[in-house]
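Student: Quick one, fold the following:
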Amino acid sequence: MDKIVYTFLTILFATLCFSQGTPDIKSDKIDKISQTINIDGYLDELCWNLRNEKFITKQENIDDKSPKFTFLQDNLNIYFGAEYIFEKEISATDISDREIYLQIAIFPTDSTLGPYSFVIEPFDTSGNTNGNISEYCHLSSDISKQIEFSSKIIDNKWTFEFSQPKKEIVTENFRTILFRLKFKNGFLDKNNKSYYPNRRELIKVDI
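Tutor: The predicted structure follows:
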């Protein structure tokens, strides 16, 4: 019964935080690495092989204008890295608030850990290219404190990455994570269309 109630609350949370999308579910295991990842925003470690198709069920809304991303894991952490190529160099004065962002929500299948969601932007609040990560909808403060994040813009390429301790989002009996993505680039789309169709995707994690 608890599992049924949590599943219902998870779906409700996703509906409130995101526009509705087709509830396709994909289960794919995150690649495990032995190389150390330095969270500096550059994604220059050899283990980063950005391939969004590995974690997205349907590809019809993904093209060369959508960001590439991937998940990785080691013994302690889960990592998320993404890359986006702008058509030209941009600055903070070129964009308005939330016009360019990636929104991600993560739903641990262990009901004791709770869902959380945040928005990642290329510029921080001072207009610097260090990026910004902020809460969106309900966010568990205990989990958010564990996130290590970094973002860079070099020429017209935006890259960012974050790490999350596994113990904060998976347990021995619940080794899967439900996630949803939304990406918006206001230069290309004025109608708030997402390049990722907000589908729920399920991924597996080692313990």
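Student: Now do the same contact list for residue 152.
Tutor: Residue 152 makes contact with 40-42, 129-131, 158-160 under the criterion Cβ atoms under 8 Å, 6 or more residues apart in numbering. Quick note: C-beta positions are derived from backbone N, CA and C, even for glycine.
Student: Nearest residue to it in space, ignoring adjacent ones along the chain?
Tutor: residue 41 (3.8 Å; Cβ to Cβ, 6 or more residues apart in numbering).
Student: I'd say the one you found and residue 124 touch.
Tutor: No - here residue 41 lies out of contact with residue 124, judged by Cβ atoms under 8 Å, at a distance of 11.9 Å.
Student: could you say what helices and strands the strand or helix carrying residue 202 packs with?
Tutor: Assigned by DSSP states H and E, residue 202 falls within strand 201-204. If contacts are counted by 3 or more Cβ pairs under 8 Å, 6 or more residues apart in numbering; DSSP states H and E, strand 201-204 sits against strand 27-29, strand 176-185.
Student: For residue 176, see how far away residue 129 is.
Tutor: Using Cβ to Cβ, to the nearest Å, we find residue 129 at a distance of 35 Å from residue 176.
Student: My error: substitute residue 77 in the last question.
Tutor: Relative to residue 176, residue 77 is positioned 17 Å away (Cβ to Cβ).
Student: can you tell me which helix or strand the residue nearest the centre of the chain belongs to?
Tutor: The centroid of the chain falls nearest to residue 104 when counting by Cα atoms, centre = their mean (4.1 Å). Element membership for residue 104 (DSSP H and E) is strand 100-108.
Student: Give the partner strands of that strand in its sheet and their orientations.
Tutor: Strand 100-108 pairs in its sheet with strand 116-121 (antiparallel), strand 176-185 (antiparallel), by DSSP bridges.
Student: Of the ones you listed, which is nearest residue 149?
Tutor: strand 116-121 (7.7 Å; Cβ to Cβ).
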